[in-house]
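S.K.: Build me a structure from this.
(2 chains)
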Amino acid sequence: MKVVYLALLVLVSSCTTAPAEPNKRLAGNICEYSQWLSISEEENQVFIEIHNPDDSSNVYRLRIPNFSSNSLSGSYDIDKPINKMACLSSTHIGMLSELGLQNHIVAVSNLKYVYDSKVKKNNPIVLGEEQSVSIEKILNSKAEVIVYSAFSSSFSKEEVLNKLGILCIPNFDWRELHPLGRAEWILLFGYLTGHQEEAKIKFNEIKAHYSEIKTKINGSNPKRILSGNMTGDYWYAPAGNSYHAQLLKDAGLNYVFSEDPGTGSLAYSFEKILGMSSEIDLWLNPGFKTKKEILQAFPKSKLLPIVAKSSLFCYSHNANKYWEQSACRPDLILSDYSELNNGSNLDESKLVFYKKVQ
Amino acid sequence: MNSSHFKKVILLLVSIGIIILVILGLRIGDIPTGFSDIYNAVFNYSENNLSELIIWEIRLPRVCIAVISGAALSIAGMLMQTLFQNPLAGPYVLGINSGSSLTVALGLLSGVQFFNSELGLIGSALLGAFVFGLFILFTASFIRNQIGLLLFGVMLGSFVAAIITILEASSQAQSLKAFALWSMGSLNGVSIEQVPLISLVFILGCLGTLLIVKPLNVLVLGEDECRLMGYNLKSLRLAIVFITALFTGLITAFCGPIAFVGLAVPNLTRMLFKTQNHFLLLLANMLFGAFFILSCDLIIQALSDTILLPINALTSLVGAPFVIYILIRKLR
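M.R.: Got it, this is the predicted structure:
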């Protein structure tokens, strides 16, 4: 009986949906790095395509006026720039904030996780988690558009909201593997709000800053990095082809799992981590602000020599800031990582998101 | 082969199986280790040697708690089944685990630092197990029907699950994560320093069970017979509930909930040994329970590259169909 159940389990676990191919780009697509967002601009119209990473046949298409030309032709999915938006993820708030459009945010999932003081001051309506948002609250917020992350395969309220005239736009920035691909989603918010020129300028600045830091990095004697932490019985760490691994690579750091294939998370036993722990120079993202908290959550961490070395860095002291801004500002993460590569000469005051775990 | 000889052979085989599983448990892992490493780790430990460090600090506590949790939960199940004269009784089904889960949830999800500590976790799990054990004992005095009592346990479990869901809905993300992980069960949370304490409590529980073996043998014949033989039924019931709560609370505190072991293993041993001799049943449950959890742990380790299996999910996957089988057999 045991064998039958285990065989079933193995079968189920191996039947996961294969990721879709990166999108076939729109003609004249202006997105350079994004795998799942395409934008094509014409004189009087803009085409936006958002491809579902798990289903290549599922493409969300929008045709909107080119708000910078003021020349209209035919009917569009929206007629005027969006002024009121419901954002169900921190990254969406971060991108609008980066454009200075905090006043456009009229509803969020949970105010507790908002970092931007202007957004908090505006007191947006709290909608709850993505799959359980209240339609009445969305109506009350007068949002014209709701941007969701589609963490589960669909947004359950989409059909009803569309009937009520509220556009539901998926955002797959979190599935991008290139840091600049994730940041490029700022263009979506720019085009929707009629601030596309500002968005393009902002993205180009981020791109230039990212390249500048990358080219300045001294590749000699890179620090050996361990990332992730114990969750339950396993150590979860970014896989070798993931977004996070790409950032570490661009920062010239030597990530211990850089050769382990995959774009999501790796799960390893603690003894595997212990086996490689003597060669580690830095432990990134242990998930806590203090060593005491780490040891309380997982007492066996004391066996890792890196804990005694005190070379632990995390963004947990201000996690809201990190989650809100980091997607849009990979250049700032890269800047932090390149600073961490300086080892004992690092200047902690230069770190934007990261702080030493005390 | 006569019946007594058959029983001895079975017990001997399971004992040998346990020794093999313990050695495999100490040997198998991501870091290759040899038999000499196991010997050195146990008898000549040096923390500067990585293999010995891994065996001593990671594998040995896991293997020890696997043996103890399997044995303890199986004995707890045996005691419950004898007390309620019901083969479907067990600490998980009757809701004693639910009691522990509720108090641990109240503690962890309240965000109070004390409950996140070792002492807070153990204390709350033991308290919950004992209070719910007494509550079930009280309820059993007027629900005489075996299926009725079982349904009561299931309802109690649902009731507790609802309260936990309400607590979860209004909890901080960090507390919620801690509780969700705890509820999956784990043999990896125990440290080598905790093993002596856990072993001591386990041995005390076993000694307590040994002391009531004779009245347990009589209790099977009925409560009236037990009274006629001069045993204090009230004290006996309390002793059974206390030992069960001690075992269940201890294991739930250190490993989280581990379902169905306390139900499936005692039934299996009764089916195999066809006896009401509680000395033999105690021994058999200890060995079979330890063998079962050690096997589950080995499966988890062996499949860890393919699929991540929480111990509670694996014991349920194996135990639940067995319980359904017993239920169908009983209803026929």
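
S.K.: What parts of the stretch 51-200 of chain B come near chain A?
M.R.: B:53-54, B:57-59, B:116-117, B:177-178, B:181, B:184, B:186, B:188, B:191 (CB under 8 Å from any CB of the partner chain). Using the backbone N, CA and C atoms, a C-beta is placed for each residue, glycine as well.

S.K.: Now compare these and name the two farthest from each other.
M.R.: B:Leu53 and B:Lys177 (28.1 Å; CB to CB).

S.K.: between those two, which one's more packed in?
M.R.: For B:Leu53 versus B:Lys177, neighbours defined as other CB atoms under 10 Å in any protein chain shown are more numerous around B:Leu53 (20 against 16).

S.K.: Give me the most central residue, chain A.
M.R.: For chain A, A:Trp174 is the residue whose C-alpha lies nearest the centre (CA atoms, centre = their mean; 4.0 Å).

S.K.: can you pull the contacts of that residue?
M.R.: Contacts for A:Trp174 were tallied using CB atoms under 8 Å, 6 or more residues apart in numbering or on different chains; they are A:Ser89, A:Thr91, A:Ser149, A:Arg182, A:Ala327.

S.K.: and it, what pLDDT?
M.R.: If you check A:Trp174, the pLDDT there is 93.

S.K.: Name the nearest residue to the residue of the stretch 251-358 of chain A found nearest chain B, sequence neighbours excluded.
M.R.: Taking CB to the nearest CB as the measure, the stretch 251-358 of chain A has A:Lys272 as its residue closest to chain B, at 3.9 Å. Distances taken as CB to CB, 6 or more residues apart in numbering or on different chains place B:Asp30 nearest to A:Lys272, at 3.9 Å, with adjacent residues excluded.

S.K.: Looks like the one you found contacts A:Leu274 (just checking).
M.R.: No: taking contacts as CB atoms under 8 Å, B:Asp30 lies outside contact range of A:Leu274: 9.1 Å.

S.K.: Which one's more surrounded, the two?
M.R.: Set side by side, B:Asp30 and A:Leu274 show more neighbours around A:Leu274, with 22 against 17, by other CB under 10 Å.

S.K.: Look at that one and tell me its secondary structure.
M.R.: helix (DSSP: H, G, I helix; E, B strand; the rest coil).

S.K.: Surely it and B:Ile55 touch.
M.R.: No: applying CB under 8 Å, one finds A:Leu274 not in contact with B:Ile55, separated by 11.2 Å.

S.K.: per-residue confidence averaged over the biggest helix by length in chain A?
M.R.: When chain A is parsed with DSSP state H, its longest helix is helix A:196-216. Helix A:196-216 shows a mean pLDDT of 94.

S.K.: any idea which helix or strand comes after that helix?
M.R.: Remark: after helix A:196-216, the chain's next helix or strand is strand A:224-227, criterion DSSP states H and E.

S.K.: Tell me who's in contact with A:Asn214.
M.R.: Slight slip there: residue A:214 is Lys, not Asn. A:Lys214 sits in contact with A:Asp250, A:Ala251, A:Leu334, where contact means CB under 8 Å, 6+ apart.

S.K.: For burial, what's the neighbour tally of A:Thr279?
M.R.: Quick fix: residue A:279 is Glu, not Thr. With other CB under 10 Å as criterion, A:Glu279 counts 12.

S.K.: Equivalent analysis for A:Ser349, please.
M.R.: When neighbours are counted by other CB under 10 Å, A:Ser349 comes out with 6.

S.K.: Just the pLDDT at it, thanks.
M.R.: So, for A:Ser349, pLDDT stands at 89.

S.K.: A:Phe155: which element?
M.R.: Per DSSP H and E, there is no helix or strand for A:Phe155.

S.K.: residue ranges with poor pLDDT in the stretch 151-300 of chain A?
M.R.: A:152-153 (pLDDT under 70).
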